[in-house]
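Novice: Got a sequence here, can you build the structure:
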Amino acid sequence: MKQIAIILSIFLLNSASGQDNSRIHLIGSADLLSTWSWKTDKTVTSLLASSDKLTVKMQTQAGIEVLLTHNSVSKRLITINESEDLFIQCFEYDFDSDGSKEIIIASSPDFAVLNVYVFKYSKGLNELVGSFGSTYEIILKKNVILLPLGFQGLGSEFCYREGAFYELIYHDPKSTE
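Specialist: You can find the predicted model right below:
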């Protein structure tokens, strides 16, 4: 009975806090920068490892914008269409181990869809290097991003090399098909 009371208390505390951190599940050593949802403020700001600023901001007509600020100059990375259940998390992860971390923006308009955008970023310059779809989870292993589709263990796997992602396709040389 005590276990049920403890579990119920934890659930109620998590619900009361307004945090929905279970919606996007990231496995790997990425650094969480910020979390934005309709339950948070209209603007959420965080600092990158480079000391530049990342801002997730609700615009009245444009949707939700993710901005990067370098030396007081802001640039829009991406605009995400609004939805009532929209949930956004931003991460930093160094895919190529060059000391300059890439920015991962994961947006979930509902509980069954996850959009993942990866930006290469250095000294105020940014470039979209990956745009992927998944269901709920992102798995990072060194220079590889795995995005499961559904719960059957199927998904897509991409390798980051020389500033671009390449889809990994497995082939069994012993197979005749």
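
Novice: Can you name the residues that contact the closest residue to residue 115 other than its chain neighbours?
Specialist: Excluding the flanking residues, the one nearest residue 115 by CB to CB, 6 or more residues apart in numbering is residue 107, at 4.9 Å. (Each C-beta comes from the backbone N, C-alpha and C, glycine too.) Contact analysis of residue 107 by CB atoms under 8 Å, 6 or more residues apart in numbering lists 64, 80, 86, 87, 88, 114, 115, 117.

Novice: pretty sure the fourth one contacts residue 108?
Specialist: What that stands for is residue 87. Yes - if you go by CB atoms under 8 Å, residue 87 and residue 108 touch, sitting 4.6 Å apart.

Novice: Overlap of the contact sets of these two?
Specialist: By CB under 8 Å, 6+ apart, the residues touching both residue 87 and residue 108 are 23, 24.

Novice: Can you report how many residues lie near residue 113?
Specialist: Neighbours of residue 113 under the rule other CB atoms under 10 Å: 14.

Novice: which residues sit in contact with it?
Specialist: Shown in contact with residue 113 (CB under 8 Å, 6+ apart): 133, 135.

Novice: what pairs with the residue nearest to residue 115 across the strands?
Specialist: Beta-bridge pairing of residue 107 under DSSP bridges involves residue 88, residue 115.

Novice: what's the spacing between it and residue 92?
Specialist: 16 Å (CB to CB, to the nearest Å).

Novice: and residue 160, how many neighbours does it have?
Specialist: Counted with other CB under 10 Å, the neighbours of residue 160 add up to 22.

Novice: Roughly how far does it sit from residue 115?
Specialist: Distance of residue 160 to residue 115, computed by CB to CB: 18 Å.

Novice: I'd like the next helix or strand past the helix-or-strand element of the chain with minimal mean pLDDT.
Specialist: When the helices and strands of the chain are scored by mean pLDDT, DSSP states H and E, helix 2-17 comes last with a mean of 37. Counting by DSSP states H and E, the next helix or strand C-terminal to helix 2-17 is strand 25-27.

Novice: Packing partners of that following strand?
Specialist: Packing partners of strand 25-27 (3 or more CB pairs under 8 Å, 6 or more residues apart in numbering; DSSP states H and E): strand 137-141.

Novice: From the rest of the structure, what touches the strand it packs on?
Specialist: Strand 137-141 has contacts (CB under 8 Å, 6+ apart) with 24-30, 93, 104, 106, 114, 116, 145-148.

Novice: Now the buried members of the residues you listed.
Specialist: Buried members of these, counted by 16 or more other CB atoms under 10 Å: 24, 26, 30, 93, 104, 106, 114, 116, 145, 146, 147, 148.

Novice: Return the closest of those residues with respect to residue 57.
Specialist: residue 106 (16.8 Å; CB to CB).
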